[in-house]
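Trainee: quick one: sequence plus predicted model below, questions after.
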Amino acid sequence: MSDLYWLTDAQMTRLEPCFPKSHGKPRVDHRRVPSGIILINRNGLRWRDVPREYGPHKTLYNRRKRWSDKGVFAQMMAGLAAEHGEKQTVMIDATYLKAHRTASGLGAKNGGRGRLIGRIKGGMNARLDAIRDSKGRPIDVFVPAGQVSDYISARALLSNLPDVDQLLGDRGYDADWFRDALLDKGIRACIPGRKQRRMPVRNDKRRYKRRNCIEIMFGRLKDRRRVATRYDRCPKVFCSAIALAALVIS
């Protein structure tokens, strides 16, 4: 089949050190299983509909669930993000992701935070906040419930901001505390002021126009159907789908 997806040798060289070591029986081919998981994320397939070239669908499902619980995919993304080398500009923004009815159970168990799915006027959804570099590569992501404000997401992403010259963001991130926090890190804020702000702030409109690059990145992530629509109940598993999509487009 010509539409099958396979990780390249270069991608395997970068990702294989992050794979957990097998204990006892040797694990199935490392290239086959992750490639099958990425195909499912891209096409939005049911697990039992995966092409036979990738092996038993139960193996793919169990591997993704087990590695998601261990944070393997998140570590892969963090490892590649550490290689970005960005020194000048990063961008921050958020987008909404539709939640399928199979993922919208809101019950919290054992003191957990629930499914991290919110209810807004358009229905059940989740939210994806991200920081990206000037070349379109995701550096950090945060997945709260859909009704969470930009302020809360910005606070969660603040500690992982790289050492850069400036940050681009829209009016949703216009808050004095956020500007002060960026200033403490030596980062200039290129964020337009809110219309109701009493004290206007200066903003470089020419630089701000470059912020559309992060919208392009979100579009590329949403090309993966299991990212654009959330089918996974478990937040860790859904975050792994986003991390895998980020790895492919990086």
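Mentor: Thanks, I have the structure now. In this text the structure is predicted, and so the values were computed from the model without any measurement. Numbers count the residues shown, from 1 in each chain.
Trainee: okay, CA-based contacts and neighbour counts for the rest of this
Mentor: Noted.
Trainee: can you mark which positions in the worst-scoring helix or strand of the chain on mean pLDDT are buried?
Mentor: The weakest-scoring helix or strand in the chain, judged by mean pLDDT, DSSP states H and E, is strand 118-120 (a mean of 73). Under the neighbour-count criterion of 16 or more other Cα atoms under 10 Å, strand 118-120 has G118 buried.
Trainee: try stretch 40-50
Mentor: So for stretch 40-50, counting by 16+ other Cα under 10 Å, buried means I40, N41, R42, G44, W47, V50.
Trainee: so where's this structure uncertain?
Mentor: By pLDDT under 70, the weakly predicted segments of the chain are 1-2, 24-28, 84, 105-114, 122.
Trainee: returning to what we had before: among the buried residues of stretch 40-50, which one sits closest to I152?
Mentor: Closest approach between those and I152, by Cα to Cα: N41, at 28.0 Å.
Trainee: once you drop chain neighbours, what's closest to the closest one?
Mentor: R226 (4.9 Å; Cα to Cα, 6 or more residues apart in numbering).
Trainee: next secondary structure element downstream of the helix or strand hosting that neighbour?
Mentor: Here R226, judged by DSSP states H and E, is contained in helix 225-228. Counting by DSSP H and E, the next helix or strand C-terminal to helix 225-228 is strand 229-230.
Trainee: so who does the residue nearest to N41 touch?
Mentor: By Cα atoms under 8 Å, 6 or more residues apart in numbering, the contact list for R226 reads I40, N41, R42, N43, G44, A241.
Trainee: next one: it from F142, what distance?
Mentor: 17 Å (Cα to Cα, to the nearest Å).
Trainee: cool, I187 as well?
Mentor: Taken as Cα to Cα, the span from I187 to F142 is 20 Å.
Trainee: so the two - more neighbours on which side?
Mentor: Legend: neighbour count by other Cα atoms under 10 Å for I187 and F142, higher for I187 (21 against 16).
Trainee: what's the domain layout of this protein?
Mentor: 9-70, 85-103+112-232 (automatic domain parsing).
Trainee: what sits against the residue nearest to C190 when sequence neighbours are not counted?
Mentor: Take C190 and drop its neighbours on the chain: the residue closest to it by Cα to Cα, 6+ apart is L168, 4.8 Å away. By Cα under 8 Å, 6+ apart, L168 lies in contact with T89, V90, M91, I92, A189, C190, I191, Y208, R211.
Trainee: quick one: the closest residue to the third one other than its chain neighbours from Y151, how far?
Mentor: If I follow you right, that is M91. Closest residue to M91 apart from its sequence neighbours, by Cα to Cα, 6+ apart: L168 at 4.6 Å. L168 sits 15 Å away from Y151, taking Cα to Cα as the criterion.
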